[in-house]
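Participant: Prediction below, plus the sequence it came from.
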Amino acid sequence: MTTPASQGHNWGKKSEDKEEEEEDPVDQMVSRTGCAGFHRAVQDCMAEHQDWRQCQQPVQDFKQCMAEYQRLRASQLGRRKPSSAGS
């Protein structure tokens, strides 16, 4: 009777290993912004407190980082406009 439980556990472990190898798309996207540390701080705070109201400072820090990234990204995209667009 221990064999089926053991097989089920082993199957679950393989899935967990596979999931750990595949990075979350949100984590990949946040990593590209340079704000991954702030995002991780929000996640850690939420895991610890399980109450978003107690995590307002990490949320604000992450929000500020993302706003700065978006501002820089917008200015970079503004400089890349094709000069022959009107021709």
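Facilitator: Now that the structure is in, tell me what you want to look at.

Participant: Buried residues, the top helix by length along the chain. List them.
Facilitator: Longest among the helix segments of the chain by residue count, using DSSP state H, is helix 56-79. Neighbour-count burial for helix 56-79, counted by 16 or more other CB atoms under 10 Å, picks out 58-59, 61-62, 65-66. Bear in mind the C-beta positions are built from the backbone N, C-alpha and C, glycine included.

Participant: Let me see the ranges of the helices in this structure.
Facilitator: Taking DSSP H as the criterion, the chain carries its helices at 2-21, 25-33, 36-49, 56-79.

Participant: Could you identify which of the ones you listed has the lowest mean pLDDT?
Facilitator: Mean pLDDT across the helices of the chain is lowest at helix 2-21; the value there is a mean of 52.

Participant: Arg40: how many residues sit nearby?
Facilitator: Arg40: 14 surrounding residues under other CB atoms under 10 Å.

Participant: And it, how far from Ala74?
Facilitator: In this view, Arg40 and Ala74 are 25 Å apart by CB to CB, to the nearest Å.

Participant: do Arg32 as well
Facilitator: Look at Arg32 and Ala74: by CB to CB, they are 15 Å apart.

Participant: Ala36 reaches Asp27, doesn't it?
Facilitator: Yes - judged on CB atoms under 8 Å, Ala36 makes contact with Asp27 at a distance of 7.3 Å.

Participant: quick one, which of the two is more surrounded?
Facilitator: Per other CB under 10 Å, whichever of Ala36 and Asp27 has more neighbours is Ala36, with 16 against 12.

Participant: Could you give the number of residues near the nearest residue to the more buried one once chain neighbours are set aside?
Facilitator: Nearest residue to Ala36, sequence neighbours excluded (CB to CB, 6 or more residues apart in numbering): Val30, at 5.2 Å. Look at Val30: counted by other CB under 10 Å, it has 20 neighbours.

Participant: what's the burial count for Phe38?
Facilitator: Phe38: 20 surrounding residues under other CB under 10 Å.

Participant: Much appreciated, bye for now.
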